[in-house]
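Asker: no sequence for this one, just the structure:
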């Protein structure tokens with residue numbers, strides 16, 4: 001523990017990805033929170049349908065922020081038998097033991113590939129600066145100590161000030177924002193690795209005109225939301241301004257809309273199936289429940305999907 005004051009971007013980078021950082025530990029993200037990938041194999045099956053629908057011969061599937069490879073493992077299992085694909089898990093943590101040998105483990109996305117680049121809850125963990133308007137209306141960086149205590153820092157200037165003015169202007173003392181410029185740049189760089197295909201970012205999101213007035217910075221540990229403390233003990237995350245990340249021609253949808261397009265719906269099987277094939281009826285009920293969770297309003301269904309065709 002140190003008494004050094006730093007901006008939230010530098011502090012979160014060290015806490016998440018530095019020595020013994022939160023995301024480099026053996027338990028991985030699944031040990032602390034549940035994503036759509038962990039909620040149901042229907043999510044991986046929907047991603048597999050995106051892959052087969054690309055019309056690309058031997059497509060690549062690039063999973064940004066791959067965790068411990070759960071999504072790619074599910075996608076490979078859901079693809080038609082013999083479907084030719086190259087799978088890349090992009091992750092800073094070491095390759096987990098026992099992972100499917102068909103999955104290449106890499107620190108950066110491969111360049112010049114054709115296929116699907118999928119970033120499920122990746123951008124929310126790209127660290128950003130936090131800004132707050134002081135009592136005089138001056139927008140300042142928020143500095144943080146390793147114990148989570150905060151103080152106002154220097155005024156926000158330059159490219160960060162321009163980003164706030166364009167995407168998240170603060171209108172009164174005490175209002176806060178997360179400066180999403182690093183996420184815009186990270187997304188543009190990831191999309192640029194594709195020669196052709198589709199890039200998809202899925203995340204907690206908000207849109208211009210409905211930004212939260214006090215920001216969204218928070219922490220997670222062992223399945224619970226906690227105070228964000230940049231000491232490596234918890235996840236540090238903030239919702240994503242996906243509309244700012246979007247490049248020309250992008251499409252923004254809710255997860256509910258996107259998964260409905262891919263055939264994931266929470267519809268119960270017909271009751272008649274219970275008498276003709278009880279086992280199939282039970283399986284259908286289970287799948288309907290999982291689909292309902294993935295597409296629920298007020299829950300996972302409200303996640304944002306950013307689709308960028310290349």
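Answerer: Cool, got the structure. This is a predicted model, so every value here is computed, not measured. Residues are numbered from 1 along each chain as shown.

Asker: Return the residues in contact with the most centrally placed residue in the chain.
Answerer: Nearest to the centroid of the C-alpha atoms of the chain, with distances taken as C-alpha atoms, centre = their mean, sits residue 121, at 1.3 Å. Contacts for residue 121 (C-beta atoms under 8 Å, 6 or more residues apart in numbering) come out as 29, 35, 65, 202, 203, 204. C-beta: built from backbone N, CA, C; applies to glycine.

Asker: Could I get the full set of strands for the stretch 51-200 of the chain?
Answerer: Along the stretch 51-200 of the chain, counting by DSSP state E, counting those that start in this stretch, strands occupy 60-64, 86-90, 103-106, 113-120, 129-133, 139-144, 150-155, 176-179, 194-203.

Asker: quick one, phi/psi of the residue nearest to the centre of the chain?
Answerer: Backbone geometry at residue 121, expressed as degrees, to the nearest 10, gives phi 50, psi 50.

Asker: what does residue 226 give?
Answerer: The phi/psi pair for residue 226 (degrees, to the nearest 10) reads phi -130, psi 170.

Asker: Same check on residue 296?
Answerer: phi -70, psi 130.

Asker: go on, residue 216?
Answerer: As for residue 216, its main-chain torsions (degrees, to the nearest 10) stand at phi -130, psi 10.

Asker: just to revisit the earlier point, can you tell me which of the contacts of residue 121 lies closest to residue 147?
Answerer: Of all those, residue 147 sits closest to residue 29, with 23.7 Å by C-beta to C-beta.

Asker: Tell me the spacing between the residue nearest to the centre of the chain and residue 71.
Answerer: 10 Å (C-beta to C-beta, to the nearest Å).

Asker: repeat for residue 181
Answerer: When residue 181 is compared with residue 71 (using C-beta to C-beta), they lie 27 Å apart.

Asker: Give me the neighbour count for residue 199.
Answerer: Applying other C-beta atoms under 10 Å, we find 26 residues neighbouring residue 199.

Asker: what residues are up against it?
Answerer: By C-beta under 8 Å, 6+ apart, residue 199 lies in contact with 116, 117, 118, 119, 187, 190, 191, 307, 308, 309, 310.

Asker: List the buried residues of the helix or strand hosting residue 11.
Answerer: Secondary structure assignment for residue 11, by DSSP states H and E: helix 8-17. Buried residues in helix 8-17, counted by 16 or more other C-beta atoms under 10 Å: 8, 9, 11, 12, 13, 14, 15, 16, 17.

Asker: Any chance you could list what contacts it?
Answerer: Taking C-beta under 8 Å, 6+ apart as the rule, helix 8-17 contacts 21-24, 92, 125, 127-130, 142-144, 146, 182, 217, 230-232, 235-236.

Asker: which among those end up buried?
Answerer: Here, 16+ other C-beta under 10 Å leaves 21-24, 125, 127-130, 142-144, 146, 182, 217, 230-232, 235-236 buried among the contacts of helix 8-17.

Asker: just to revisit the earlier point, quick one: which of the strands of the stretch 51-200 of the chain is nearest residue 241?
Answerer: strand 176-179 (7.9 Å).

Asker: How far away from the center of its chain is stretch 239-247?
Answerer: Its chain's average C-alpha position is 12 Å from that of stretch 239-247, according to C-alpha atoms, centre = their mean, to the nearest Å.

Asker: what's the span of that stretch from first residue to last?
Answerer: 18 Å (C-alpha to C-alpha, to the nearest Å).
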